[in-house]
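*Asks:* Generate a structure from the sequence data that follows.
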Amino acid sequence: MSSFNQSRNHNIEQSLKEGYSQMADLNLSLAAEAFPFECEACDCNESYISSNNTSD
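*Replies:* Below is the predicted model of the structure:
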């Protein structure tokens with residue numbers, strides 16, 4: 001009986017972990033959609049910095 005409870009608890013724990021992981025992915029995608037200008041600005045800064053490094 002205790003082994004049944006252990007496996008049940010393990011399954012619940014696994015489901016929670018997967019749920020939290022999916023929520024985190026969703027939050028990231030929503031944030032990217034909500035603030036696209038920040039992402040574009042970061043891309044521009046990165047390409048600007050890398051182009052400066054190669055010109056030296």
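
*Asks:* for the chain, what spans make up the helices?
*Replies:* 2-34, 36-55 (DSSP state H).

*Asks:* Going by mean pLDDT, which of these comes out lowest?
*Replies:* Lowest mean pLDDT within the helices of the chain: helix 36-55, a mean of 60.

*Asks:* any idea how far S3 is from A24?
*Replies:* 32 Å (Cβ to Cβ, to the nearest Å). Where C-beta positions appear, they are placed from N, C-alpha and C, glycine not excepted.

*Asks:* Tell me which of those two has more neighbours.
*Replies:* Per other Cβ atoms under 10 Å, whichever of S3 and A24 has more neighbours is A24, with 10 against 7.

*Asks:* Now for that one: which residues touch it?
*Replies:* By Cβ atoms under 8 Å, 6 or more residues apart in numbering, no residues touch A24.

*Asks:* just K17 next, same as before
*Replies:* For K17, the contact set (Cβ under 8 Å, 6+ apart) is empty.

*Asks:* Distance of it relative to D25?
*Replies:* 13 Å.

*Asks:* Then F35?
*Replies:* Distance from F35 to D25, counting by Cβ to Cβ: 17 Å.

*Asks:* same question, A31
*Replies:* When distance is defined by Cβ to Cβ, A31 is 11 Å away from D25.

*Asks:* got it, and S2?
*Replies:* Distance from S2 to D25, by Cβ to Cβ: 35 Å.

*Asks:* okay, these two: which has more neighbours?
*Replies:* Ranked by neighbour count (other Cβ under 10 Å), S2 and D25 place D25 first, with 10 against 6.
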